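>>> Prediction below, plus the sequence it came from.
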Amino acid sequence: EGWHLPSDGEWTQLEIYLQNNGFNSNGVVDCDLNRLTNNFIAKSLSSSSLWCQSDFENTVGFMPDRNNSTGMSVLPSGYRSGSSDDFYGLGKDAYFWTATGANGSEVYGRSIGFTNDGLNRSSYAKSNGISVRCVKNN
């Protein structure tokens, strides 16, 4: 009670805020309302531990002790496949549901991978097991 699953639009608001307020890992401060322009915010959202190592600068797995400038501490929990009940991506990826449907069988979500520098948006089958990050109601 008092919390809700954020919509796709609420996640977009977060992305734009972070990009425009100095949370890009490449140091660029954006100045528009496009979530895809200068989306280098993955490190700022990710925990500083448990991620696989990456050799690519500005990615979550590159010097992870420099992650988490927002305090969100996203963990690489992976996901459970709805079709096979197998788990994938532990240590490598993090996925989050939104409250916004993409079509009858899929919902929009966000993801971060250890070799990513940005927060990705995609749709996922409702049958998958994906993490949630709730937002406190106003």
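Received, thanks.

>>> give me every residue that touches the closest residue in space to G22 that isn't next to it in sequence.
Among residues not flanking G22 along the chain, V29 sits closest, at 5.5 Å (Cβ to Cβ, 6 or more residues apart in numbering). (C-beta placed from N, C-alpha, C; glycine too.) Contact partners of V29, counting by Cβ atoms under 8 Å, 6 or more residues apart in numbering, are 19-22, 38.

>>> Select from those every entry located in helices.
19-20 (DSSP state H).

>>> Include neighbour count and pLDDT when you put the contacts of V29 into JSON lines, please.
Shown next, in JSON lines, are the contacts of V29 (neighbours: other Cβ atoms under 10 Å; pLDDT from 0 to 100):
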{"residue": "Q19", "neighbour count": "27", "pLDDT": "97"}
{"residue": "N20", "neighbour count": "16", "pLDDT": "97"}
{"residue": "N21", "neighbour count": "12", "pLDDT": "97"}
{"residue": "G22", "neighbour count": "12", "pLDDT": "96"}
{"residue": "N38", "neighbour count": "17", "pLDDT": "92"}
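
>>> wait, which of the contacts of V29 is closest to S46?
Ranked by distance to S46 (Cβ to Cβ), the contacts of V29 are led by Q19 at 15.5 Å.

>>> ok, Y108 - contacts?
8, 98, 100-102, 121-124.

>>> Please flag which of the residues you listed sit within strands.
98, 100-101, 121-124 (DSSP state E).

>>> centre of the chain versus stretch 18-30, how much separation?
16 Å (Cα atoms, centre = their mean, to the nearest Å).

>>> what distance separates the start and the end of it?
In stretch 18-30, first residue to last residue: 9 Å (Cα to Cα, to the nearest Å).

>>> likewise stretch 131-138?
For stretch 131-138, by Cα to Cα, the gap between its terminal residues amounts to 22 Å.
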